[in-house]
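Asks: Sequence and computational prediction follow.
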Amino acid sequence: MTTGTGDGLPAAPARPRRRHDLTTPVLLGLPLGWLIVFFVVPICFVGAYSVGVLSLFPGAHHLTFTTWHDFLHGSVYLTLFWRSVRMSLIVSVLVVLFAYPLAYFLALSGTKRKYVLLLVLIAPFLTSYLLRVLAWKVILGSNGVLNSLLFWTGLRSPDHPISQLLYSKFAVMLVLGYVWLPFVALPIFVSLESLDRRLLEAASDLGASRWQSFRKITLPLSLPGVAAAFMFVFIPTVGEFVTPSLVGGVTGYMYGNQISDLFGAGLDWQTGSVLSLFLLFVVAGLTLVFSRFLQIGRVTTG
Amino acid sequence: MTHAAITERGMSREEFLRRAAVVGGAGVLAGIGAGRAGAAGLTRFGSAAESGNLQVLDWSGYEVKDLWKQYAVTHPEMKPKFTFMTNEANALGKMRAGLKPDVVHPCVGYVKDFADSGFVQPWSPALIKNLKNLNPAMVRAGQIGGKQWWIPADWGFDKILYRTDKVKPKERSWSLMFDERYKGKIAWFDDLNQLVLAGYYLGFKTPYDQTDAQLKKSQDFLKSKKSLVRMFWSSETDLQTAFAAGEIWIAYAWPADYVAMKAKKLPVAYMQPKEGALSWICGFMLGKDSSRVQAAHAYVDAWSSKQAGSWLETNYAYGAANTTARPSDASLRKALQLDNPKSVSEPLAHIDRYIPRRALYSKMWDEVKAS
């Protein structure tokens, strides 16, 4: 459509008016903005504290990397970090191994009450976290449920309770495992649920035993769910400090407790920030590696 | 009123006297007011009327009205508004972040840290009437350079609490905290004071200001004995639940814990070690830019009263700085040794004090915990 001007030159073609679609940028922008303001900016502040640009006390302070250097070169905090990672790894692996059969039964047994049972599994979440941890204190204590049972059956004398049940590494790992079990069972359940049953049918038609079809079909296809479940439990437990402070005693002291102490009574925000950022980098790095390796995006098999 | 006005308007004698009375009365009242203000030393802080809520940064549990009853009577429109601190580091962090309390409640070891922080200013002792009843040694602990920076309020001992039916100490000494016979039944306090304690036990002259070599010795000693310890407690609730449940037989504890265990009918003793007990005292400091200075002084005066002190002792089993305060519980009287005025001074007790290298102590203690 041309509109001629008086001097005989051809008019510029009229551009079709396009409505700029703002839906996607807005929908993306809101969570992104939230993330930037409440996550990225505070992390930058923590970073500033870690290098001395910001300081808790008034007075002279300047950019310095000595705290980072001291931390990374054989400090006791680094040893504590690896100890905590080891504890988290053990907890995560054991919980995944325990949750898998649970999720398998829920997803693939064909029981009619599947979702009711799932609700039963998640039910502990409806109570307070603190109450659940404190309940374990009652069970594991020197005069608690377990020890009382041992006294009653005569397996141990009342003067010699098993005191390593509470205020120990064992107690921390047990309670962490118990608390995170539902979190782990869910992703595995989801990935098993979305398994194409026809594949299993086809396998049995072709003569595969139940074990073989599990090993060759179910397990590989559920691995993204397992990987997701593993990350779900590993990442939070590495930085845990509430459970260790309640049931960990002296030996169950973890990296998270150290960070909390440094920011608190330790009055050393600089070292605390270094420790926090180190944890963040390690966990972020591990997550990237894991997700690339096991293709988290395929949790629900299409 | 000019002479002309009086005569020309024909003011009656009664009217003139009435007006003179009003003017004179106003003048007298103004004079009294100024006199009181002058006597109270208001000139230092100005005599602008104070208003608004008194901002108090305090430990949880101290917001109870009985502890500042006198203040509620004298300043009913300036009720205190409480923000809670979990420890001094937390309080400093809050003030650093912009909180401007009129009154803050740190313990004696931090007086110099707070004074240097720039967030507080000294008190005017003349404005606190109950100051004369406070323990003089404690009051002295709050003075820096002749100025009263800190007013003591509550205190307690750090001694050894142990089960008399399960534990037979070899001697009245801190050695019980490091006794091999009771492995797994001991609780230490989660605080760098453990390094100070180690210093006293190892016989150092100035445990609050140890040399590098001494500090290393203390740290190594604690690390070597750590395997005997079941838990480090940071809140009295943790300690009391564990002690009452029989998980712990020996603990670094405050008088309140002794009283609580006795109330649960446990056979316990609160031992005075030969190396001396440690003593904590907490008290009030005045906010630097406070616009409610008069009210702040009144608040601290209320806390320093005998009534508030007795309430504190009876209900929280903490000592009160007011030496005339008495609890209703006999076991607390005994635990606090209230009838022995020398109990809170050397050599029986070592009052917490400024630790010049607190950051280093803190780091060493964190290393003990992390090892």
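Replies: Great, that's in hand.
Asks: Only C-alpha atoms from now on, for both contacts and neighbour counts.
Replies: Fine.
Asks: can I assume residue B:186 is in contact with residue B:251?
Replies: Yes. Look at residue B:186 against residue B:251 with Cα atoms under 8 Å: they come within range, at 5.7 Å.
Asks: got any residues that touch both of those two?
Replies: Listed contacts common to residue B:186 and residue B:251 are residue B:177; contacts here mean Cα atoms under 8 Å, 6 or more residues apart in numbering or on different chains.
Asks: the strands in the stretch 201-350 of chain B, which residues?
Replies: B:229-233, B:250-253, B:268-271, B:277-287, B:319-320, B:349-351 (DSSP state E, counting those that start in this stretch).
Asks: ok, and which of the ones you listed has the densest surroundings?
Replies: Across the strands of the stretch 201-350 of chain B, averaging neighbours per residue (mean count of other Cα atoms under 10 Å in any protein chain shown) puts strand B:319-320 on top, at a mean of 30.
Asks: What pairs with that one, parallel or antiparallel?
Replies: Here strand B:319-320 has these sheet partners by DSSP bridges: strand B:151-163 (antiparallel).
Asks: Listing partners with orientation, what would you give for the helix or strand following the strand it pairs with?
Replies: For strand B:151-163, the following helix or strand on the C-terminal side (DSSP states H and E) is strand B:186-189. Using DSSP bridges, the strands paired with strand B:186-189 are strand B:229-233 (parallel), strand B:250-253 (parallel).
Asks: chain center to strand B:186-189, what's the gap?
Replies: A distance of 23 Å separates the centroid of the chain from that of strand B:186-189, by Cα atoms, centre = their mean, to the nearest Å.
Asks: Please enumerate residues in contact with it?
Replies: Contacts to strand B:186-189, defined as Cα under 8 Å, 6+ apart, come from residues B:177, B:194, B:228-234, B:239, B:248-253.
Asks: mean confidence score for it?
Replies: Average pLDDT, strand B:186-189: 95.
Asks: Go through it and flag the buried ones.
Replies: The neighbour-count check on strand B:186-189 (16 or more other Cα atoms under 10 Å in any protein chain shown) flags B:186-189 as buried.
Asks: mind putting the residues you listed in JSON lines, distance to residue A:21 included?
Replies: Below are those laid out as JSON lines (distance: Cα to Cα, whole Å):
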{"residue": "B:186", "distance to residue A:21": "68"}
{"residue": "B:187", "distance to residue A:21": "65"}
{"residue": "B:188", "distance to residue A:21": "64"}
{"residue": "B:189", "distance to residue A:21": "62"}
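Asks: with these in mind, which one is nearest to residue A:69?
Replies: residue B:189 (30.8 Å; Cα to Cα).
Asks: Beta-bridge partners for that closest one, please?
Replies: For residue B:189, the beta-bridge partners are residue B:233 (DSSP bridges).
Asks: And the next helix or strand past the lengthiest helix in chain A?
Replies: The residue-count maximum for a helix in chain A (DSSP state H) belongs to helix A:76-108. Next helix or strand after helix A:76-108 toward the C-terminus (DSSP H and E): helix A:114-122.
Asks: quick one: that following helix to helix A:76-108, angle?
Replies: Angle, helix A:114-122 to helix A:76-108, by axes from the mean of the first three to the mean of the last three Cα atoms, to 10 degrees: 160 degrees.
Asks: Low-confidence regions, the chain specifically.
Replies: No chain specified, so I'll use chain A. A:1-19, A:58-59, A:294-302 (pLDDT under 70).
Asks: The intended chain is chain B.
Replies: If you take pLDDT under 70 as the line, chain B has these spans: B:1-48.
Asks: Who are the contact partners of the residue of it found nearest chain A?
Replies: In chain B, the residue that lies nearest chain A is residue B:231 (4.3 Å; Cα to the nearest Cα). With contact set as Cα under 8 Å, 6+ apart, residue B:231 has these partners: A:167, A:248-250, B:186-188.
Asks: try 6 Å
Replies: Neighbouring residues of residue B:231 by Cα atoms under 6 Å, 6 or more residues apart in numbering or on different chains: A:249-250, B:187.
Asks: Please, which helix or strand holds residue A:43?
Replies: Using DSSP H and E, residue A:43 falls within helix A:41-50.
Asks: Specify which member of the contacts of residue B:231 is nearest to residue B:312.
Replies: Minimum distance to residue B:312 across the contacts of residue B:231 is 26.0 Å, recorded for residue B:187 (Cα to Cα).
Asks: Quick check: closest non-adjacent residue to the closest one.
Replies: Among residues not flanking residue B:187 along the chain, residue B:251 sits closest, at 4.6 Å (Cα to Cα, 6 or more residues apart in numbering or on different chains).
Asks: List the buried residues of the helix holding residue A:43.
Replies: For helix A:41-50, a neighbour-count test (16+ other Cα under 10 Å) marks A:43, A:46-50 as buried.
Asks: between those, which is nearest chain B?
Replies: Taking Cα to the nearest Cα as the measure, chain B sits nearest to residue A:49 out of these, at 13.0 Å.
Asks: That closest one touches residue A:268, doesn't it?
Replies: No. Using Cα atoms under 6 Å, residue A:49 makes no contact with residue A:268, being 9.9 Å away.
Asks: According to the record, where do the domains of chain B fall?
Replies: Each domain of chain B is listed here as a residue range: B:54-155+B:281-326, B:156-279+B:353-370, per automatic domain parsing.
Asks: can you put those in CSV and add distance to residue A:66?
Replies: Shown next, in CSV, are these (distance: least, Cα to Cα, whole Å):
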stretch, distance to residue A:66
domain B:54-155+B:281-326, 23
domain B:156-279+B:353-370, 15
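Asks: Between these, which one is closest to residue A:149.
Replies: Among these, the nearest to residue A:149 by Cα to Cα is domain B:156-279+B:353-370 (16.3 Å).
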